[in-house]
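need coordinates for the below:
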Amino acid sequence: MGVEGVGWIAAIIIGGLAGWIASRIMKTNTGIFLNIVLGIVGAVIASFLFGILGISFGGWFGYLVAGLLGACILIALVRAIRR
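So this is what the prediction gives:
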């Protein structure tokens, strides 16, 4: 297994989907590579932050939700730093 209970290929696919959805929600124009990075890094960050609160995400759907939430958090942080 790989990242948080899903394989590496699945992490790339789900991360890309999560990053793409987050870029649409947050109205950014990112490419496919950045979408994948946002989704994967976002899932790791969200899993960590929600783990502190005792909330855990598991499986494909959980990884997608964590990636989406984490990617939105990352986009918001980048916007805040740029301003």
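
low-confidence ranges, this protein, go.
1-6 (pLDDT under 70).

tell me the contacts of residue 32?
Residue 32 is in contact with 16, 20, counting by C-beta atoms under 8 Å, 6 or more residues apart in numbering. Every residue, glycine included, has its C-beta placed from N, CA and C.

cool, residue 37 as well?
15, 19.

what about the closest residue to residue 47 other than its chain neighbours, helix or strand, and which?
Nearest residue to residue 47, sequence neighbours excluded (C-beta to C-beta, 6 or more residues apart in numbering): residue 66, at 5.1 Å. Under the criterion of DSSP states H and E, residue 66 resides in helix 59-82.

show me what counts as buried in that helix.
Using 16 or more other C-beta atoms under 10 Å as the test for burial, helix 59-82 gives 62-75.

would a markdown table of those residues with distance to residue 50 be doable?
Converted to a markdown table, the buried residues of helix 59-82 look like this (distance: C-beta to C-beta, whole Å):
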| residue | distance to residue 50 |
| --- | --- |
| 62 | 10 |
| 63 | 12 |
| 64 | 14 |
| 65 | 10 |
| 66 | 7 |
| 67 | 12 |
| 68 | 12 |
| 69 | 8 |
| 70 | 9 |
| 71 | 14 |
| 72 | 13 |
| 73 | 11 |
| 74 | 15 |
| 75 | 18 |
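
closest to residue 7 among those?
Closest approach to residue 7 among these (C-beta to C-beta): residue 63, at 10.6 Å.

from what I can see that closest one touches residue 46, true?
No. Contact between residue 63 and residue 46 fails when scored by C-beta atoms under 8 Å: they sit 9.6 Å apart.

and residue 29, which of the three is it?
Secondary structure, DSSP: H, G, I helix; E, B strand; the rest coil: residue 29 is coil.

the closest residue to it other than its chain neighbours and residue 16, how far apart?
Nearest in space to residue 29, with sequence neighbours left out and distances taken as C-beta to C-beta, 6+ apart, is residue 23 at 7.3 Å. Between residue 23 and residue 16 the computed distance is 10 Å (C-beta to C-beta, to the nearest Å).

please enumerate the shared neighbours of these two.
With C-beta under 8 Å, 6+ apart as the test, residue 23 and residue 16 both reach residue 35.
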